[in-house]
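Q: Sequence first, then the predicted structure, then my questions.
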Amino acid sequence: MGIKEDIQKFFQLPLEVKNAYAQDPGGLQGYGQVFVVSDDQKLEWADRFALFTQPPQARDMSYWPSQPHTFRNCIEQYSSEVMKFTHSLAIFIAKTLDVDPELVADKHVSQVLRMNYYPPCASTPEKVLGLSPHSDGAFLTILLELNLVQGLQIRRHGAWIPVKPHCDALLVNVGDLLEIMTNGKYKSIEHRVTINAHKERLSISAFQIPNYDGIISPILETTEEKILYKTVKVEEYLGFYFSNKLEGKRALDYAKLSEI
Ligand SMILES: O=C(O)CCC(=O)C(=O)O
Ligand SMILES: [Fe+2]
């Protein structure tokens, strides 16, 4: 049994079983919604289940489901494979920037896995969103779509462009922290998820994040290069990111130096 089947089975479990892993109020881990910052906010058409998976000492096993019985194992394996993949990707990114790979090595050492279940909405699919427009606060996000239902869209020159689903491919999103670190040479991508009228959609996001107590500062290629972003504390940036409603790339304004 693989992770795709296990995620599907987990979301099919009765609500009271899933609720044994419910998020604490204000918490990020467990089963529930995300980014609920006020009572009168419009909710997203989705169920989610998030786990801190890396480094291993960050795990709280009380959130790791015992059903389906292969799930914990699958999560663990998937998590470590994605870590290896992200590491090669980060080295590749360092090469494209002509910087020492050591400089990026600690930027993706933490990982949060988030599993997303988007039920169909037969009556008014155009009136709901599975996930509001946002860019990811992470350094890199590795996304796997579990079935071939279209839903993910990216914003390009103001227009929403559907991303064709692939079940056998990993999709890589540049996150805000990579944008800051590259002084804007890699731009985080704004995206959202729409809802299908008849079919459910499932995906798993692996947010690759730097050490929580570290900092991110723009790496400059030349001394003449203008610095466009502030040096941010990772914990502070993510704290700011998670305490706000998702709103396009608004969170990144926090780190932008004003244009002169
Ligand atoms: O479900 C998807 O395709 C995207 C999920 C996503 O953007 C996220 O988890 O941040
Ligand atoms: Fe995202």
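A: Nice, thanks for sending it over. Numbering: from 1, shown residues only. Ligands and ions are numbered 1, 2, ... in the order given.
Q: Now the residue most central in space within the chain. Nearest residue, chain neighbours left out?
A: In the chain, the C-alpha nearest the mean C-alpha coordinate belongs to residue 207, at 4.3 Å (C-alpha atoms, centre = their mean). In this structure, residue 207 finds its nearest non-sequential neighbour in residue 138, 4.0 Å apart by C-beta to C-beta, 6 or more residues apart in numbering. Any C-beta I mention is one placed from the backbone N, CA and C, and that applies to glycine too.
Q: In this structure that neighbour contacts residue 179, no?
A: No. Using C-beta atoms under 8 Å, residue 138 makes no contact with residue 179, being 10.8 Å away.
Q: List the buried residues of stretch 158-174.
A: If you call a residue buried by 16 or more other C-beta atoms under 10 Å, then stretch 158-174 has these buried ones: 165, 171, 173-174.
Q: do stretch 227-237 as well
A: Within stretch 227-237, the residues scored as buried using 16+ other C-beta under 10 Å are 228-229, 232, 234, 237.
Q: For that stretch, what is the distance to the chain centroid?
A: 19 Å (C-alpha atoms, centre = their mean, to the nearest Å).
Q: same thing with stretch 156-164?
A: The chain centroid and the centroid of stretch 156-164 are separated by 18 Å under C-alpha atoms, centre = their mean.
Q: how close does residue 148 get to ligand 1?
A: 12 Å (C-beta to the nearest ligand atom, to the nearest Å).
Q: how many other residues sit next to that residue?
A: Residue 148: 11 surrounding residues under other C-beta atoms under 10 Å.
Q: May I have the phi/psi pair for the residue nearest to residue 207?
A: With angles defined as degrees, to the nearest 10, residue 138 sits at phi -70, psi -180.
Q: what's the most distant pair in the buried residues of stretch 227-237?
A: Farthest pair in the buried residues of stretch 227-237 (C-beta to C-beta) is 228 and 234. Separation: 18.5 Å.
Q: Done for today, thanks.
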